[in-house]
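**Q** Output the structure for:
(2 chains)
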Amino acid sequence: MKNYDTLLNDLAPQKFGRKGVIWTTLLVVVSIAGIIAYIDQVIQGQVVTNMSDYALWGVYISNFVFFVATSFVSTITVAVLRLTKNAWRTPIVRIAEIISVAAIIMAGLTIMIDMGRPDRLLYLFIYGRMQSPIIWDVIIIPTFMAIALLLLYFPLLPDFALLKKHFKNTKPKLSKWYGLLSLNWTGSDAQKSIHIKSIHLISLLIIPAGFMLQTVDAWLFSTLFRVGWDSTNMGAYFISGAAVAGIGALITVLYVIRRSYNLENYITDFHFDKLGKFLALTCLIYLYFNINEYLIPEFTSKKEEITHLNVLVTGEYAPLFWFVIVGGLVIPIIVLFFKKGRSPLAIFWVSILVVLGSWWKRYLIVTPTLLHPFLPIQGVPEAWRHYFPSLHEWLITAATLAMCLLIITILVRYLPVIPIQRTADEQEQLKTGKNLES
Amino acid sequence: MEDNNKNSRRKFLDKGLKLGLATAIGGMAISKISKLSAKSNTGTGEFVELMTTDGTLIQVDSSEIVEVVHTTDPDKKYNVREGKPNRKYVMVIDLAKCKNALKCQTACNKHHYITGEHAWLKVYQMQEDEDTAPYWMPTTCMHCDHPACVTVCPVDATFKRRDGLVLIDNERCIGCRFCMAACPYSTRVFNWSEPNQGDMTMDMEMDMKAEGSCHSSPEFAGLPSVIGTVDKCDFCPHSIDKGELPHCVTACPNGVFYFGDKYEDTVTNGDETVRLSKLLRDKSGYRLMEGLGTKPSVYYLPPVNRLVDFEEGLEYFTEFKSVENPEKS
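**A** A predicted model of the protein is given here:
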């Protein structure tokens, strides 16, 4: 029991310090600014954006794709590492689950921002037609959201019971909440057996769900004729890209939490080293699909493809394109090949690069394609030939990112970021040398 | 015990249903018989001679003659999403005749009350290659038979009719713009802001009253335009209704546009009426981006033997504009 005391003292949710309060306030302010901008957009119409009849989708859609990609983190880490029996995952899974839940919730909200008639949202359910890829999205996003929530909640049950006891005298109100959430967890053998089975089932479910989610997202584009989207590469390309975005986001958040909660004893250099290797692997796979996506059209040199590629490689979008490829993929891969590059601080900066690269990558998938339709752009204002988000769009996009971080922050405030029960079990196992189930 | 219960319940249901069915059939039979007997009782013995549809004369008891009741008014039965029965509207655009006079565009903008920067009908300055001759190419909605826009619409707001038209129900459209991304012809436009149709709404209402409809319909030139929804060329079903040609066809001074019915194999540009199949064969008609499999309803005749130089049309060409501001003009 003494064992638990140190663990609980270290890992039980704590009140924010000064920095935490400032951080949260900042996020709230950005979110409110975005909400005001959105209300203005609803009143005036989407004329407040810089979208036009040609650049008919913009940063809202690319931001949505980014959120969807990031939500893949629980599939790729929690479920895949669990099924491959990588025991080192214990201190990182909770954070991965939290990021996944926050990202998929924000993905659901972000896509509505792009709707010209948000008041007709219900029509999607009343008149929905299965043949439209948008309806596939309408089905898979809530499904994935439900599974991601369960994957976060189920492993939390023993921890809630522990926290109920822990806060019994200091914070009776909080303790009561934890008690309610623990669903009368006593830790009996019967409960444990059901618990392990359910978690196993959910982590089995989230793999196909995650793959479907990313694939449907890719098909939103590849089911259309446009040059740059009309590619059979898209599904695999999006899945591998999602793994990169997800693990990048995970390492970034992990580093910040480790520093602010002083969890160096739990999230060790070893974990960063492992995650660094994992990130390098996913980056390599993604690079491979990028080569497929860009090199083959360059080789066959169809006229429309070349126009599109030239804009990316040497034209208007070249700086962004090369930042994404070199900064977001090549440099991280090189750095992560070295042991020193996988030290926590180095890998943190690499992950920041990866996340930034991932965000802009989605922008590059959505925007340039639309600006090169099959027929020339004529008879419309000059401004319609280009696209860069307006102030409204930036405010709203920043707010969605802030809200995502806010959800993560709130969950980190009230949930144990490292599974307490499991850590205790593992320590026990180390002492006794017994094998742990699951 | 449970099994027994289930069985007896099943039996009861079975019997009940059979009994019900028997009663219903019996009831029907009785009413039929009583009707028959009623008829035979009231026979007058007076016969009337009538001619059947195949031309033979028959005699019928005068009491048997009943006036044919027109069950429904065909106008009221008309379904906007089905379209005109037994029609298949097509257009032929003769590129050899186009001089970029832009009267088609002006007429289209006027009659569809287009207030944004987005004309539904555009005339492109085209050139396949630097060695080949430039030409003018007007584009409308292609009203494809395999419309990519209709396939991807999540709420069935844009739909394909039996008479070939692809229309938009702007009371249904959720503004996702997926159809715009799907259309390879870039024909769809979006109402990014409140369409400031202003004083024109009165004209619209009068027009609509004249049409006999008092509420907006996808058929009525997309009127009025609705913020946050998609618009596009509609092939002017409101003109077809009146037995008139679409506005672009009548406005064109050079007879570029032919409009007609594929089933009748006839198209007309207002001056001459020609056989569609012959026209397409003789002048090597083609459709835009046939390779995409969209099967457009708009055919093009190649820009051969043009009467005037390409440069003559250039004086009207405005690269960044296609709509006159209605308030100013």
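
**Q** what about whichever residue of the stretch 301-438 of chain A sits closest to chain B, how many residues close to it?
**A** For the stretch 301-438 of chain A and chain B, the shortest gap (CB to the nearest CB) falls at residue A:379, measuring 3.5 Å. All C-beta atoms are positioned from the backbone trio N, CA, C, and that covers glycine. Residues near residue A:379, counting by other CB atoms under 10 Å in any protein chain shown, number 23.

**Q** ok, now residue A:301?
**A** 9.

**Q** just residue B:127 next, same as before
**A** Counted with other CB under 10 Å, residue B:127 comes out at 13.

**Q** which ones are touching the closest residue to it other than its chain neighbours?
**A** The shortest distance from residue B:127 to any non-neighbouring residue, by CB to CB, 6 or more residues apart in numbering or on different chains, is to residue B:134 (4.2 Å). Contact analysis of residue B:134 by CB atoms under 8 Å, 6 or more residues apart in numbering or on different chains lists B:125, B:126, B:127, B:310.

**Q** For the last one, grab the count of nearby residues.
**A** It refers to residue B:310. Counted with other CB under 10 Å, residue B:310 comes out at 16.

**Q** before we move on, what about the second one?
**A** For residue B:126, the number of neighbouring residues by other CB under 10 Å comes to 17.

**Q** check contacts around it.
**A** With CB under 8 Å, 6+ apart, residue B:126 has these contacts: A:376, B:134, B:135, B:136, B:137.

**Q** Of those residues - the most surrounded one?
**A** In the contacts of residue B:126, the most neighbours by other CB under 10 Å go to residue B:136, 23 neighbours.

**Q** picking up where we left off before, secondary structure class for the residue of the stretch 301-438 of chain A closest to chain B?
**A** Here residue A:379 is coil, with the state taken from DSSP: H, G, I helix; E, B strand; the rest coil.

**Q** quick one: contacts for it?
**A** So residue A:379 contacts B:119, B:122, B:123, B:124, B:318, B:319, B:320, B:321, B:322 (CB under 8 Å, 6+ apart).

**Q** Counting neighbours, what do you get for the fifth one?
**A** Residues within reach of residue B:318, counting by other CB under 10 Å, total 9.

**Q** Could you check how far the closest residue to it other than its chain neighbours is from residue A:335?
**A** Nearest residue to residue B:318, sequence neighbours excluded (CB to CB, 6+ apart): residue A:379, at 6.9 Å. Relative to residue A:335, residue A:379 is positioned 49 Å away (CB to CB, to the nearest Å).

**Q** ok, now residue A:72?
**A** 23 Å.

**Q** Which among the contacts of residue A:379 count as buried?
**A** Buried members of those, counted by 16 or more other CB atoms under 10 Å in any protein chain shown: B:119, B:122, B:123, B:124, B:322.

**Q** How many neighbouring residues does residue 53 have?
**A** Answering for chain A, as no chain was given. 23.

**Q** was after chain B, sorry
**A** Neighbours of residue B:53 (other CB under 10 Å): 5.

**Q** secondary structure element for it?
**A** If you go by DSSP states H and E, residue B:53 is not part of any helix or strand.

**Q** Contact residues of the stretch 101-250 of chain B facing chain A?
**A** B:117-119, B:122-126, B:139, B:148, B:151-157, B:172-178, B:180-182, B:184-186, B:188-194, B:227-229 (CB under 8 Å from any CB of the partner chain).

**Q** Tell me if I'm right that residue B:106 and residue B:324 touch.
**A** Yes - if you go by CB atoms under 8 Å, residue B:106 and residue B:324 touch, sitting 7.1 Å apart.

**Q** The two: which is more packed in?
**A** residue B:106 (19 against 14).

**Q** Confirm that the more buried one sits in a strand.
**A** No - counting by three-state DSSP, residue B:106 is not part of a strand but helix.

**Q** how much space between it and residue B:250?
**A** On the measure of CB to CB, residue B:106 and residue B:250 end up 12 Å apart.

**Q** Next: residue B:140.
**A** Counting by CB to CB, the gap from residue B:140 to residue B:250 is 14 Å.

**Q** and these two? which has more neighbours close in?
**A** residue B:140 (25 against 18).

**Q** about what we covered before: min pLDDT across the buried ones among the contacts of residue A:379, which one?
**A** The pLDDT minimum for these sits at residue B:322, where the score is 81.

**Q** That residue: what's it in contact with?
**A** Counted by CB under 8 Å, 6+ apart, residue B:322 has contacts A:378, A:379, A:380, B:105, B:109, B:117, B:118, B:119, B:122.

**Q** What mean pLDDT does stretch B:194-213 get?
**A** 63.

**Q** Over to stretch B:134-142?
**A** The model assigns stretch B:134-142 a mean pLDDT of 95.

**Q** measure it end to end?
**A** The stretch stretch B:134-142 measures 22 Å between its terminal residues, going by CA to CA, to the nearest Å.

**Q** just the helices in chain B please.
**A** B:2-41, B:74-77, B:103-111, B:148-152, B:178-182, B:200-211, B:237-241, B:247-251, B:276-282, B:310-314 (DSSP state H).

**Q** Least reliable of these by average pLDDT, please.
**A** helix B:74-77 - the lowest mean pLDDT of these, at a mean of 56.

**Q** quick one on the thing from earlier: list only buried entries from the residues of the stretch 101-250 of chain B next to chain A.
**A** B:117-119, B:122-126, B:139, B:148, B:151-157, B:172-178, B:180-182, B:184-186, B:188-192, B:227-229.

**Q** can you give me the helices for the stretch 51-200 of chain A?
**A** Taking DSSP state H, counting those that start in this stretch as the criterion, the stretch 51-200 of chain A carries its helices at A:59-70, A:73, A:80-83, A:90-113, A:123-126, A:133-153, A:157-166, A:172-181, A:189-222.

**Q** those strands in the stretch 151-300 of chain B, which residues are they?
**A** B:158-160, B:166-168, B:189-190, B:230-231, B:257-261, B:266-268, B:273-275, B:298-301 (DSSP state E, counting those that start in this stretch).

**Q** and these, which is most packed in?
**A** Neighbour counts (mean count of other CB atoms under 10 Å in any protein chain shown) averaged over each of the strands of the stretch 151-300 of chain B peak at strand B:230-231, with a mean of 26.

**Q** Each with direction, which strands does that strand pair with?
**A** strand B:189-190 (antiparallel) (DSSP bridges).

**Q** Isn't residue A:276 up against residue A:345?
**A** No - Residue A:276 lies out of contact with residue A:345 (CB under 8 Å); the separation is 11.7 Å.

**Q** more crowded one of the two?
**A** residue A:276 (27 against 10).

**Q** Any idea which residue of the stretch 1-150 of chain A lies closest to chain B?
**A** For the stretch 1-150 of chain A, CB to the nearest CB, closest residue to chain B: residue A:116, 1.9 Å.

**Q** Confirm for me that that residue is in contact with residue B:176.
**A** Yes - using CB under 8 Å, residue A:116 makes contact with residue B:176 at a distance of 7.3 Å.

**Q** For chain A, what is the nearest residue in the stretch 151-300 of chain B?
**A** Nearest residue of the stretch 151-300 of chain B to chain A: residue B:175, at 1.9 Å (CB to the nearest CB).

**Q** how much space between that residue and residue A:134?
**A** Distance of residue B:175 to residue A:134, computed by CB to CB: 12 Å.

**Q** same check, this time on residue A:148
**A** 21 Å.

**Q** out of those two, which sits in the more crowded spot?
**A** Remark: of residue A:148 and residue A:134, residue A:148 carries more neighbours, 29 against 20, as counted by other CB under 10 Å.

**Q** Report the contact partners of that one.
**A** A:71, A:74, A:97, A:100, A:101, A:104, A:206.

**Q** And the pLDDT at it?
**A** pLDDT, read off for residue A:148, is 96.

**Q** That one and residue A:218: what is the separation?
**A** In terms of CB to CB, residue A:148 sits 19 Å off from residue A:218.
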